[in-house]
Structures are given as C-alpha cells and as structure tokens.
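Undergrad: Would you be able to build a 3D model of this:
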Amino acid sequence: MTIHEELDDFRLGERSAGDQDHRGEVRLWLRLLACSTLIESELRRQFRETFNFTLPRFDILAQLDREPGGLVQGELSKRLMVSQANVTPIIERLIADGFVTRRPSNLDRRIQIICLTVEGRQKFRRMAKKHSAWLADVMAGFPEEDIDDLVKKLASLKRVVVANRSDGGR
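TA: Predicted structure coming up:
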C-alpha cells in the first residue's frame, strides 16, 4: 500500500487510525508526509533529468551559498538534519566535480571548512532558478494567500514540535 492509498483509506475511515484520540494529529502527519513525498520526488526527477544532479547535492550547495566563508562539516550536517556520515560521501563527490573545496580552519587546523568554488556557485545559481520554477509549477493553482497562511501555520507547528521533542529539541 502506498502512502497515498493509506492516506485515502485513513480519510475514508476504512482503516483503524490507531489512537482515535489523536486522529487529527495523525491526519496532519499523513498530509505533511504525502505532500513532502510528492514534491520531493518531482524535484529529484527534475534535478536528475535536467542537471544530472541529486537533491542532496543541491541542498549542500544551497547551504554553502548562504555562507561565503564556508561551513564546517558538522554545521553543514546539522543544517541539513542528517549525520556527518551521510554528508561525507556527497561532499567528496562535490569536491571531485570541482563544486566545493575543503580547507583547514585558520584557528584549528584539525577543523575542515567546506566552501563553494566559483564553478559551484555558478552551478548552484543556475539550478536554484530552475528549482524555484519547478516549485511554482508543482504548486500552480494553490492560491498565494493559502501559501502565506500555510507557511505561518507550519512555522508555528515547527516551534511546538521542537519544544515538545523528547530530546529537548536537539
């Protein structure tokens, strides 16, 4: 069963929703997951077909584009919400392709700073324009005022989720 079928079944009441006291939270989670999965799969396809590039590689370039001085790998992992072990092979590939460099910190030579190259910045900027257009295409027909409202509500939800996490939001 796909997430979409499960979502439809849940909405139609054909499957048990587990704890009925939290049905709204379950429905919200399934909607968020379904939308995220649909959009992400479209972006992955577009990056692959248009640029022969992956979404995780684009995400790394996006973070580095925001920090002209570069980022240490741990901070990059934290911002992407993945482990350093997941980021390392992607960074290695980006280095091999000439899109990023790794250099030691001036303060502590054991610390490595990842920076965009000129080529990496140019590649990112070209892809970012397409990325924005793809998102507009996939969300075409969803009213701007609904987008603004949803962004505000999701920001509020994020604050609540971070505050309520069992690890204290770390």
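Undergrad: ok, residue 53 touching residue 47?
TA: Yes - Residue 53 is within contact range of residue 47, at 4.8 Å (criterion: C-beta atoms under 8 Å). The way it works is simple: take the backbone N, C-alpha and C, and place the C-beta from them, glycine included.
Undergrad: anything in contact with each of the two?
TA: Listed as contacting both residue 53 and residue 47 by C-beta atoms under 8 Å, 6 or more residues apart in numbering are residue 127.
Undergrad: Can you spell out the domain ranges of the chain, please?
TA: 1-52, 54-134 (automatic domain parsing).
Undergrad: Let me see the mean pLDDT of the shortest one.
TA: Taken as a whole, domain 1-52 has an average pLDDT of 80.
Undergrad: quick one, strands of this protein?
TA: In the chain, the strands defined using DSSP state E lie at 71-72, 100-104, 112-116.
Undergrad: Format those as CSV; extra columns: mean neighbour count, mean pLDDT and distance to residue 37.
TA: Shown next, in CSV, are those (neighbours: other C-beta atoms under 10 Å; pLDDT from 0 to 100; distance: least, C-beta to C-beta, whole Å):
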stretch, mean neighbour count, mean pLDDT, distance to residue 37
strand 71-72, 17, 94, 28
strand 100-104, 15, 95, 28
strand 112-116, 19, 96, 29
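Undergrad: So which of those strands is nearest residue 155?
TA: strand 71-72 (23.7 Å; C-beta to C-beta).
Undergrad: For the closest one, name the packing helices and strands.
TA: Under the contact criterion of 3 or more C-beta pairs under 8 Å, 6 or more residues apart in numbering; DSSP states H and E, strand 71-72 touches strand 112-116.
Undergrad: Report all helices and strands that the strand it packs on contacts.
TA: helix 55-65, strand 71-72, helix 73-80, strand 100-104.
Undergrad: Which parts of the third one count as buried, going by neighbours?
TA: What that stands for is helix 73-80. 73, 76, 77, 78, 79, 80 (16 or more other C-beta atoms under 10 Å).
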